[in-house]
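> turn this into a model:
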Amino acid sequence: MSGRARRALLHQARGVASLWWWVRGRRQDVGPGDVALGHARDRTSMTVALAGVLAVEAAVVGFLVPWPAVHVLDALAVLQVLGVAAIAVTRPHYLHDDVLVLREGALFEVRVPLASVAAVRVDRRLHSGRTRELTARPGPEGGAELSIAAGNQTDVLLVLSEPVTVADPGGPTGEAVAVRFRADEPHAAVAAIKTAAARAAHRP
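Here you go, the predicted structure:
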């Protein structure tokens with residue numbers, strides 16, 4: 001089995017598992033003392049609406065074509081779409097101890113040490129490429145910038161004093177000196193990161 005096929009199967013499995021987390025109102029890997037930074041609010045309603053359309057279509061097709069195999073495939077399609085929404089909701093970005101954990105999808109995660117955060121601010125930008133991209137930064141600063149978009153948009157910018165390693169299965173790999181990501185509440189996310197970074201700086 002190819003690496004791409006394995007990643008696809010793992011993504012599907014985690015999507016189903018995420019539905020269980022979603023039903024229970026839980027967030028994966030986010031502990032009691034952690035601060036979750038959601039990024040799925042704008043996408044969830046649209047994804048759930050799509051699942052509803054698929055469910056209605058499945059009911060109509062099931063009435064017209066009474067084949068069990070068709071019913072199973074239709075149900076799997078609805079679960080797959082709901083799984084995408086569940087992954088986004090139950091895998092938010094989060095602050096844990098001295099680290100900011102940024103996530104996208106079922107498989108991607110990058111851990112940013114708060115001690116390396118030189119600056120953080122709200123900075124909205126539209127993206128037309130891949131959801132996750134590693135691109136050269138413009139200007140004299142140089143280095144690479146990681147973008148983790150949601151809905152073709154990012155709205156928080158981290159500038160780092162030390163590069164962070166990006167290891168994306170099936171995506172960009174390298175080091176980034178700046179990171180852009182989406183947050184449901186960008187101003188609150190920036191404030192939380194600043195507070196956590198200041199606390200980390202004074203920790204022995």
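
> could you point out the longest strand in the protein?
Longest strand in the chain by number of residues (criterion: DSSP state E): strand 153-167.

> can you give me the buried ones in that one?
Buried residues in strand 153-167, counting neighbours by 16 or more other Cβ atoms under 10 Å, are found at 154-160, 164, 166. The C-beta positions use only the backbone N, C-alpha and C, and glycine is treated the same way.

> any idea of the mean pLDDT for it?
Averaged over strand 153-167, pLDDT sits at 95.

> strand partners (parallel or antiparallel) of the host helix or strand of residue 36?
Taking DSSP states H and E as the criterion, residue 36 maps to strand 35-37. Strand 35-37 pairs in its sheet with strand 93-96 (antiparallel), by DSSP bridges.

> below-threshold pLDDT in this protein: ranges please.
Applying pLDDT under 70 to the chain picks out residues 1-12, 47-48, 51, 54, 70, 170, 204.

> show me where it has strands.
All strands of the chain, identified by DSSP E, fall at 35-37, 93-96, 99-104, 108-113, 117-126, 132-136, 144-148, 153-167, 173-181.

> so what's the residue count around residue 46?
For residue 46, the count of nearby residues is 11 (other Cβ atoms under 10 Å).

> identify the residues contacting residue 158.
For residue 158, the contact set (Cβ atoms under 8 Å, 6 or more residues apart in numbering) comprises 100, 112, 117, 119-120, 178-181, 193.

> where's the longest strand of the chain relative to the chain centroid, distance-wise?
Here the centre of strand 153-167 is set off from its chain's centre by 14 Å, with Cα atoms, centre = their mean, to the nearest Å.

> can you check stretch 110-124 too?
Stretch 110-124 sits 16 Å away from the centroid of its parent chain (Cα atoms, centre = their mean).

> CA-only coordinates of it in CSV, if you can.
Extracted as CSV, the C-alpha positions of stretch 110-124 are listed here (Å, rounded to 0.1, in the frame of the first residue of the first chain):
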residue,chain,number,x,y,z
VAL,A,110,3.4,21.7,14.2
ARG,A,111,4.6,22.6,17.7
VAL,A,112,5.9,26.1,18.2
PRO,A,113,7.9,26.8,21.5
LEU,A,114,6.5,29.9,23.1
ALA,A,115,10.0,31.0,23.9
SER,A,116,10.6,31.5,20.2
VAL,A,117,7.6,33.8,19.6
ALA,A,118,9.1,37.2,18.9
ALA,A,119,5.9,38.8,17.8
VAL,A,120,2.2,37.8,17.3
ARG,A,121,-0.5,39.9,15.8
VAL,A,122,-3.8,39.8,13.9
ASP,A,123,-3.0,39.9,10.2
ARG,A,124,-5.7,38.7,7.9
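
> flag every buried residue along that stretch.
With burial defined by 16+ other Cβ under 10 Å, the residues of stretch 110-124 counted as buried are 110, 112-114, 116-117, 120.

> same check, this time on stretch 23-43
Across stretch 23-43, burial judged by 16+ other Cβ under 10 Å covers 27-28, 30, 34-40, 43.

> where's the residue nearest to the spatial centre of the chain relative to residue 130, distance?
The residue lying closest to the centre of the chain (Cα atoms, centre = their mean) is residue 104, at 2.3 Å. Going from residue 104 to residue 130 by Cβ to Cβ, to the nearest Å gives 11 Å.
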